[in-house]
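The following comprises the amino acid sequence and a computationally predicted model.
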Amino acid sequence: MKRINNVRSLVTAIVVLILGIACLGIAAFCGMATRFLIAGIVLLAWSAIDFFFAFTQSSIHPGVIAC
């Protein structure tokens, strides 16, 4: 199992994934409304990127920490 480096990106990815699934569900059950289909695809792509950042990048880089 991979270690979570950025918790904020993980939480954002989960929330955006839920919203994307909801948009695709609405598009599927309400006659394929184009705006929900496009929004669902964009949200799923955003979620995939956030999941990638959650497991690859730390939230605060060591050189950025202020004294």
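That came in fine, so what should we check first? Residues are numbered from 1 along each chain as shown.

how about the most centrally placed residue in the chain, what does it touch?
The centre of the chain sits closest to residue 47, judged by CA atoms, centre = their mean, with a distance of 2.1 Å. By CB atoms under 8 Å, 6 or more residues apart in numbering, the contact set of residue 47 is 13-14, 16-17, 20. For every residue, glycine as well, the C-beta is placed using N, CA and C.

Looking at those, which are in helices?
Using DSSP state H, the subset of the contacts of residue 47 located in helices is 13-14, 16-17, 20.

Please indicate which of these are buried?
13, 16-17, 20 (16 or more other CB atoms under 10 Å).

residue boundaries of the helices in the protein?
Using DSSP H, helices in the chain cover 7-29, 34-56.

Could I get these in JSON lines, plus columns for mean pLDDT?
Output for these, formatted as JSON lines (pLDDT from 0 to 100):
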{"stretch": "helix 7-29", "mean pLDDT": "88"}
{"stretch": "helix 34-56", "mean pLDDT": "87"}
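
which residues touch residue 42?
Counting by CB under 8 Å, 6+ apart, residue 42 has contacts residue 20.
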